[in-house]
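A.B. asks: Need the 3D shape of this:
(one chain, ligands or ions: 1)
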Amino acid sequence: MKERLLEEIQKGSKGAVMKKHIITYLIYNENSTITDLAKDMDLSIPTVTKIIDEMHEQGYIDEYGKLETNGGRHPILYGLNTDSGYFVGVDVTWNSINIGIINFKGEVLKLQMGIPFERRDTLECIDELCNHIEHFIAGLTIDEKKILHINVTLCGRVNPELGYSHSFFNFGERPLAEILTERLKIETSIDNDSRTMLYGENIKGVVKGVKNVLFINIGWGLGMGIMIDGKLYKGKSGFSGEIGHTYGYDNQIICHCGKKGCVETEVSCSALYRKFIEHLQAGETSIILSEKDIEEITLDDIFSAINREDLLAIELVEQIGQQLGFHIGSLINTFNPDMVIIGGEMSRAGDFLLQPVISAIRKYTLSLMSRDSEIVLSKLKDQACVIGSCLLSRSKLFEA
Ligand SMILES: [Zn+2]
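C.D. replies: Purely as a prediction, here's the structure:
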């Protein structure tokens, strides 16, 4: 069944184009009558009836009762057979992998979070990543042949159209997406993490119908996803949103991109970690010191200290929040967005981060503009990227 539909779509026959259109319509709208589908596709009712019958036989479409009308006919409602196709999404971070799978309707079947993984720039590491994905798929109770697409999300510069990742796993001539597709034997695409998180929030998270949204991904680095008029904005080569590597500070700190004074050297989890350790080394105190030596402290410890109201940790998060708010202020003046979402690992600090961000935005933004933009925390939190990746996986075949 999978081969049939995918092959048909790839060949681009007229029938396949119509089937793809119907599936896409049913993914992003609710169940529908033949009359509504015919209207949407600008086709005759007998033509649509014929295609629907064929798709029903192929197992892609089911009947979902009848439309309630005032007297007269009660036309049949058609919808997707949710279990006729699945989409896998993968989120690769520097020290772990998260993998998930959704059905046609976007319902999450399984999520596996925090699989230990050390990201290295080697072919062996890609092999290891593929082993984890295969192991995840092998542990599912569904027919593997029904997995229609996989999307892998990475940080840094990713060109989703050409399938190249430039910051990690870049081995010259061949695009990473092609290497993954060959190895996994399922068509695989790649995308950038901040954009993916925004896509997740748009479909299943905090975005409720607004169309101009910025997603600030403050994790170990600092990135941004951009949605304009309801569409993800990628830029010419997919590299848009690299706000962390704009020049911001005369601090002589060399960023991992090789340049000095990038914004993310002061506004990120890596900056929080560095500052926290520096303050302890300078003799300041924290509740963590009663539990651990300075050398053993991890970023997780700092977030756990924030939740236990550790003054040093909270003060540093507030400072970073103020700086972040200052930079978001410029973005609001530039984009005039409906909404700015604060996500990524530092959003674990919740209101300790959000409040200083909001007050700095009020201070540094044209007041008429800042009133326009709602500033909120990510709803999907640490699952934003993997859920976004599953949904992007579906959209690579069936884009709204
Ligand atoms: Zn940089």
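A.B. asks: For residue 203, list the residues it contacts.
C.D. replies: 106, 388, 391 (CB atoms under 8 Å, 6 or more residues apart in numbering). For glycine as for every other residue, the C-beta is placed from the backbone atoms N, C-alpha and C.
A.B. asks: which of these lies closest to the ion?
C.D. replies: residue 388 (23.9 Å; CB to the ion).
A.B. asks: before we move on, the earlier item: can you redo the contacts of residue 203 as JSON lines with pLDDT?
C.D. replies: Converted to JSON lines, the contacts of residue 203 look like this (pLDDT from 0 to 100):
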{"residue": "106", "pLDDT": "94"}
{"residue": "388", "pLDDT": "98"}
{"residue": "391", "pLDDT": "98"}
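A.B. asks: out of those residues, who's near the ion?
C.D. replies: By CB under 5 Å from the ion, no member of these lies near the ion.
A.B. asks: Please flag which of those residues sit within helices.
C.D. replies: 388, 391 (DSSP state H).
A.B. asks: By neighbour count, which of the contacts of residue 203 wins?
C.D. replies: Highest neighbour count within the contacts of residue 203, by other CB atoms under 10 Å: residue 388, with 32 neighbours.
A.B. asks: That one and residue 194 touch, don't they?
C.D. replies: No. Residue 388 lies out of contact with residue 194 (CB atoms under 8 Å); the separation is 9.6 Å.
A.B. asks: Output stretch 69-81 as CSV - backbone C-alpha positions only.
C.D. replies: The C-alpha trace of stretch 69-81 is given here as CSV (Å, rounded to 0.1, in the frame of the first residue of the first chain):
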residue,chain,number,x,y,z
THR,A,69,-28.4,18.4,7.9
ASN,A,70,-31.9,19.9,8.2
GLY,A,71,-33.9,17.3,6.4
GLY,A,72,-33.2,15.9,2.9
ARG,A,73,-30.0,14.0,2.2
HIS,A,74,-27.4,13.2,4.8
PRO,A,75,-24.1,13.0,2.9
ILE,A,76,-21.4,10.6,4.1
LEU,A,77,-18.4,12.1,5.9
TYR,A,78,-15.0,10.9,4.7
GLY,A,79,-11.8,11.1,6.7
LEU,A,80,-8.3,9.6,6.8
ASN,A,81,-7.8,6.1,8.1
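A.B. asks: quick one: buried residues of it?
C.D. replies: 77-81 (16 or more other CB atoms under 10 Å).
A.B. asks: Mind putting the residues you listed into JSON lines with distance to residue 273?
C.D. replies: Shown next, in JSON lines, are those (distance: CB to CB, whole Å):
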{"residue": "77", "distance to residue 273": "53"}
{"residue": "78", "distance to residue 273": "53"}
{"residue": "79", "distance to residue 273": "48"}
{"residue": "80", "distance to residue 273": "45"}
{"residue": "81", "distance to residue 273": "48"}
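A.B. asks: mind listing the helices in the stretch 101-250 of the chain by residue range?
C.D. replies: All helices of the stretch 101-250 of the chain, identified by DSSP state H, counting those that start in this stretch, fall at 123-138, 176-184, 193-204.
A.B. asks: Pick the most buried one from those helices.
C.D. replies: helix 193-204 (a mean of 27; mean count of other CB atoms under 10 Å).
A.B. asks: Nice, that's everything, thank you.
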